[in-house]
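Asks: here is a sequence together with a model predicted from it:
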Amino acid sequence: EVQLVESGGGLVQPGGSLRLSCAASGFTFSSNWMSWVRQAPGKGLEWVANINQDGSEKYYVDSVKGRFTISRDNAKNSLYLHMNSLRPEDTAVYHCAKTSSAAFDIWGQGTMVTVSS
Amino acid sequence: DIVMTQSPLSLPVTPGEPASISCRCSQSLLHRNGYNYLAWYLQRPGQSPQLLIYLGSNRASGVPDRFSGSGSGTDFTLKISRVEAEDVGFYYCMQGLQSPITFGQGTRLEIK
């Protein structure tokens, strides 16, 4: 079964850090671009970052540039999102997603990040 | 950034009736390879989004054939030929042509 499972979310104070993980299974992880997409409570979808197959290309939405870092470990079939200098507006459910034909064909269930004092 | 504008934002539909959602983009999504880099997603209540349509008009695996996508360039449409109760949720269009990848605001489909 093709599956993505996120972990690492939680409650963190403003200015704090968190590392999200996404474990992939059921497909050749190293062959696909991967993305992080977030959804603030009651809001729509916002793409956060993506990374190419070997990790040599990375792109970010402007609001997280310089604070978030996307990475991957193909040997472990895992995707990561390192989040620093967190702000209340980063509060959201964070999904990892597999890219195929310029679309996200597989989504994880998401992990909740809450930034609050 | 490419701005994606969906309409309507709310769509009440009687079961068995058709439904249509429009997505307009601030720039053409036509890639030089001839494909439109436009996708449609459905997010049912309490669930993660699921892919319905990719490259403008291709149904994703397992998606019922009552869903269809059309359009090219800057104007796209998602059509549901006969709405069923399980189609309730938020529909999003998304452009995958350039970074940042952007989504429409979402259209809430509800059953009358």
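Replies: Received it, and whenever you're ready, just let me know what you need.

Asks: where along the chain do the strands fall?
Replies: With no chain named, the answer covers chain A. For chain A, strands defined by DSSP state E occupy the ranges A:3-7, A:10-12, A:18-25, A:34-39, A:45-51, A:58-60, A:68-73, A:78-83, A:92-100, A:103-107, A:111-115.

Asks: try chain B instead
Replies: Ranges of strands in chain B, per DSSP E, are B:4-7, B:10-13, B:19-25, B:38-43, B:50-54, B:58-59, B:67-72, B:75-80, B:89-95, B:102-103, B:107-111.

Asks: the most centrally placed residue in chain A and chain B, how far apart?
Replies: Geometric centre of chain A, nearest residue: A:Trp36, 3.1 Å, by Cα atoms, centre = their mean. A:Trp36 is 11 Å from chain B, where distance means Cβ to the nearest Cβ, to the nearest Å. For every residue, glycine as well, the C-beta is placed using N, CA and C.

Asks: low pLDDT regions in chain A?
Replies: By pLDDT under 70, chain A has no low-scoring segment.

Asks: so which bits of it are right by chain B?
Replies: A:35, A:37, A:44-47, A:50, A:59-62, A:95, A:99-105, A:107-110 (Cβ under 8 Å from any Cβ of the partner chain).

Asks: give the ChimeraX command for selecting the buried subset of these.
Replies: Buried residues within the residues of chain A next to chain B, by 16 or more other Cβ atoms under 10 Å in any protein chain shown, are selected in ChimeraX with:
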select /A:35,37,45,46,47,50,59,60,61,95,99,100,102,103,104,105,107,108,110
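
Asks: and B:Lys14, how many neighbours?
Replies: Lys isn't right for residue B:14; it's Thr. Burial of B:Thr14 is recorded as 10 neighbouring residues (other Cβ atoms under 10 Å in any protein chain shown).

Asks: quick check: the gap between it and A:Trp33.
Replies: Distance of B:Thr14 to A:Trp33, given as Cβ to Cβ, to the nearest Å: 40 Å.

Asks: could you find the closest non-adjacent residue to the spatially most central residue of chain B?
Replies: By Cα atoms, centre = their mean, chain B has its centre lying nearest to B:Trp40, at 3.3 Å. The spatially closest residue to B:Trp40, leaving aside those adjacent along the chain, is B:Ile53, at 4.1 Å (Cβ to Cβ, 6 or more residues apart in numbering or on different chains).

Asks: next one: A:Gly9
Replies: In space, and not counting its chain neighbours, A:Gly9 is closest to A:Thr111: 3.4 Å by Cβ to Cβ, 6+ apart.
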